[in-house]
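K.L.:
All I have is the shape, not the residue letters:
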């Protein structure tokens, strides 16, 4: 009886210990965070490319929101934008190019720690320069760009993961890691820029952004030093635990943010009379601005039953989703419904980037099994494509080479869960 009482009394402590071990020993949701990284960076990259011919009117010196107006507004709200460092065209083009390049490199996962910071700088700079441009998707990208900085979002499906796997293979063979030049160089250059911006007051009127940037810069340097001089020591372990804890906490914040978006949207809709009588969807289908396919919009608007079902269904899904997170099956069903809803918004209302941003945010709730399967299908398709091209190349493959190619078609490479431990890798 004593042993039983002692065991039962220690169970809560054991559960607490296991919980702490779980959230500190590993960065959870590697596939979900990778999808978020790819989704939001791809969304903003495509947006910048689409608006490239109109960039001067939207965010540049030729825009209706002129330099003096932006300067006055930013002076009041303390927002951060590097576009206010200079009103020259060359500077604007440089910042726009930086936003494009950082989004592309973050999408493929090259030096993700650095690119996530530059991506955040690009997003905040352009959006805060002309805050009246864009739609609700911009607000989501604005928030997620900040959150991505705090996540270890390149554990899988990234060039960083591939580099880490190669270094691990070299270490297994008794070899040292490949010499890294890009990491220290980026760290030194960005540190000098950060120092200059801090001394000149170019980081906006908030305290959290300079603090965040300096913590990231110093932390990456400490990470590199610990990994270089004491890879198996306590400082390296401590930094790994802190990084996992911040990553896991940020994932929870992202989930809460998505739930808050849907909950507030759903409950506000309930208060609207048009949503109550089931006709709310009819009106945007009749607005020229939101009808890229007038024939399809007219067809849907002509059916009162379809309009009512879609209107009530939208409210039901948005209100119910936060309450279904503890039931996996119901959550997955509503998740499919919400992704379908955003795909319909992109098609019917002509808001593709808003829909892409919301689908990327929804991806944080996708099952890991599905994401692993999806990644395997993509990898297998890519291998088959390249294998087919290799067989169609000049000259037939030898029998051994053909057999290896055919065997490789059925293999799905395993991705490393780690990231490159460089200054800003």
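P.N.:
Thanks, I have the structure now. These numbers were taken from a predicted model, which means no experiment stands behind them.

K.L.:
okay, CA-based contacts and neighbour counts for the rest of this
P.N.:
OK.

K.L.:
Quickly note the distance from residue 21 to residue 58.
P.N.:
Distance of residue 21 to residue 58, computed by Cα to Cα, to the nearest Å: 48 Å.

K.L.:
Please compare the two by neighbour count and tell me which comes out ahead.
P.N.:
Under the criterion of other Cα atoms under 10 Å, the comparison of residue 21 against residue 58 puts residue 58 first, with 22 against 12.

K.L.:
Spit out the contact partners of that one.
P.N.:
Going by Cα atoms under 8 Å, 6 or more residues apart in numbering, residue 58 touches 64, 130, 133.

K.L.:
can I assume the first one is in contact with residue 57?
P.N.:
Yes. The pair formed by residue 64 and residue 57 meets the contact definition of Cα atoms under 8 Å, at 6.9 Å.

K.L.:
in the helix or strand hosting residue 250, what counts as buried?
P.N.:
Per DSSP states H and E, residue 250 falls inside helix 234-270. Of all the residues in helix 234-270, those buried under the rule 16 or more other Cα atoms under 10 Å are 235-237, 239-241, 243-251, 254-255, 257-259, 262-263, 266, 269-270.

K.L.:
Repeat that for stretch 225-235.
P.N.:
For stretch 225-235, by 16+ other Cα under 10 Å, it's 225-227, 235.

K.L.:
and what of stretch 100-110?
P.N.:
Neighbour-count burial for stretch 100-110 flags 100-110 (criterion: 16+ other Cα under 10 Å).

K.L.:
neighbouring contacts of it?
P.N.:
Outside stretch 100-110, the residues that touch it by Cα under 8 Å, 6+ apart are 37-39, 41-42, 44-45, 48-49, 111-112, 115-116, 118-119, 122, 154, 157-160, 425.

K.L.:
what's the spacing between that stretch and its chain's center?
P.N.:
Chain-centre distance of stretch 100-110: 11 Å, with Cα atoms, centre = their mean, to the nearest Å.

K.L.:
pLDDT of that stretch, averaged?
P.N.:
Mean pLDDT, stretch 100-110: 96.

K.L.:
Same question for stretch 265-274.
P.N.:
Stretch 265-274 comes out with an average pLDDT of 92.

K.L.:
ok so, going back, is it possible to get a markdown table of the buried residues of stretch 225-235 that adds distance to residue 27 and secondary structure?
P.N.:
Output for the buried residues of stretch 225-235, formatted as a markdown table (distance: Cα to Cα, whole Å; DSSP: H, G, I helix; E, B strand; the rest coil):
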| residue | distance to residue 27 | secondary structure |
| --- | --- | --- |
| 225 | 21 | helix |
| 226 | 19 | helix |
| 227 | 18 | helix |
| 235 | 18 | helix |
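
K.L.:
can you map out the helices along the stretch 1-150 of the chain?
P.N.:
2-25, 30-50, 55-58, 67-77, 89-108, 112-129, 136-149 (DSSP state H, counting those that start in this stretch).

K.L.:
deepest of these, which one?
P.N.:
helix 112-129 (a mean of 24; mean count of other Cα atoms under 10 Å).
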